[in-house]
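[1] let's see this in three dimensions:
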Amino acid sequence: MKSNKAVWQMSIAMLLSGTIGWIVLLSGQSPETVVFFRCVIGAISLLALVSWQSKWQAMNGASLRWVVGGAIALILNWLFLFSAYRYSGVGLTTVIYHVQPFFLIIMSAIAQRELPSKVKIVGLLIAFLGVIMTGDLHFDADNAAMTLGALLALAAAFLYAIATLATRQLKQFDSAQIAGIQLFIGAVSLLPLLHFDIATFSSQTWSALITLGLVHTAFMYKLMYAAFQKLPAASLASLSYIYPVVALLVDVLFLNTELNDWQWYGMLLIILAVFTNQQSERLTSWWRSIFMQAKQEKI
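    The predicted model follows:
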């Protein structure tokens, strides 16, 4: 029952995550400014929630090290990813960023001896193939900006996996407490990088930043961190592929993007791969029962 709840939590978090790029564009602000306001609004909301629910727990040195490490990884992940969009475009950045499920699988296997089944690995590879198909890639290796964006996206993917792994080490703490502390650390660490004139912020800017802070940070990270604490790495990796499908649909609905046939096929492939990966044990059991039944009938 807990596992099913965690699957829904991660799924909702990934649905919301797919709309972040659009909201960031609406804000019209630099990556540093957007991340700072996400941190401030998210931290205030989550820490207030923990206090109101009386769920605060004291942390020892080891726990604090995981929280701080996760915070650094999370904030750098946001900065690198948002910057990558500007240098290499959404398509290439999205494809490269979605090697992060494989980073997570490798790290979990090394750090926690958590090895996924071959069926789940195949499912992840199929989902990644779907992401490549949706990317409509045009990579120019001689283009310095595009190469920089690709490297930033790869670094963001690696950092996301580290942040996930750090949260999985803190299962005894409420997810809102972990995320709230990390966001507070992020807000403080970003102060020296900020250069903006708040008087120039329009109503659209404030609407976008408040939405990012409350919905796409406080609410989303409470759900996502709760799922990180409960689900195996392979399930988290598979469900993360919901994000590129939603991001592409947002482009179609709100940014007037037109998809070619390969991109539609890629989306369908991702959806199929995510579904089969989440149902892999049930499907394997079903196929095994059919095989055994056929074998008995022959006898």
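[2] name the helix or strand of this structure that has the lowest mean pLDDT.
    One helix or strand of the chain scores below all others by mean pLDDT, DSSP states H and E: helix 280-298, with a mean of 55.
[3] need phi/psi at the residue nearest to the spatial centre of the chain.
    With distances taken as CA atoms, centre = their mean, S240 lies nearest the centre of the chain, 5.8 Å away. Torsion angles at S240 (phi, psi; degrees, to the nearest 10) stand at phi -60, psi -20.
[4] what's the answer for V215, then?
    Backbone dihedrals for V215, given as degrees, to the nearest 10, come out at phi -90, psi -50.
[5] shouldn't it be in contact with L15?
    No - look at V215 against L15 with CB atoms under 8 Å: they stay out of range, at 11.2 Å. All C-beta atoms are positioned from the backbone trio N, CA, C, and that covers glycine.
[6] give me the mean pLDDT for stretch 102-109.
    Averaged across stretch 102-109, the pLDDT comes to 85.
[7] can you show me the CA trace of that stretch as CSV?
    Only the C-alpha atoms of stretch 102-109 are listed here, as CSV (Å, rounded to 0.1, in the frame of the first residue of the first chain):
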residue,chain,number,x,y,z
PHE,A,102,21.3,5.4,-15.2
PHE,A,103,23.5,7.5,-12.8
LEU,A,104,21.0,6.7,-10.1
ILE,A,105,21.0,3.0,-10.8
ILE,A,106,24.8,2.8,-10.8
MET,A,107,25.2,4.9,-7.6
SER,A,108,22.5,2.8,-5.8
ALA,A,109,24.1,-0.4,-6.9
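[8] which SS state does Q229 fall under?
    Recorded secondary structure, Q229: helix (DSSP: H, G, I helix; E, B strand; the rest coil).
[9] from M220, how far off is it?
    As judged by CB to CB, to the nearest Å, Q229 and M220 stand 15 Å apart.
[10] more neighbours, these two?
    M220 (23 against 19; other CB atoms under 10 Å).
[11] for the more buried one, give me the pLDDT.
    For M220, the pLDDT comes out at 95.
[12] that one against L15, yeah?
    No - counting by CB under 8 Å, M220 stays clear of L15, with 9.2 Å between them.
[13] leaving out chain neighbours, which residue sits closest to the residue nearest to the centre of the chain?
    In this structure, S240 finds its nearest non-sequential neighbour in P101, 5.4 Å apart by CB to CB, 6 or more residues apart in numbering.
[14] which stretches of the stretch 151-299 of the chain have low pLDDT?
    For the stretch 151-299 of the chain, applying pLDDT under 70 flags the ranges 279-299.
[15] try it again at 80.
    Scanning the stretch 151-299 of the chain for pLDDT under 80 picks out 251, 255-259, 275-299.
[16] what ranges do the helices span in it?
    For the stretch 151-299 of the chain, the helices defined by DSSP state H, counting those that start in this stretch cover 175-190, 203-213, 220-230, 233-239, 242-254, 261-278, 280-298.
[17] show me what the fifth one is packed against.
    Using 3 or more CB pairs under 8 Å, 6 or more residues apart in numbering; DSSP states H and E as the contact definition, the elements that helix 242-254 packs against are helix 2-17, helix 20-27, helix 61-97, helix 118-135, helix 261-278.
[18] which of these sits closest to T147?
    Among the helices and strands packed on helix 242-254, the nearest to T147 by CB to CB is helix 61-97 (7.9 Å).
[19] many thanks, we can stop here.
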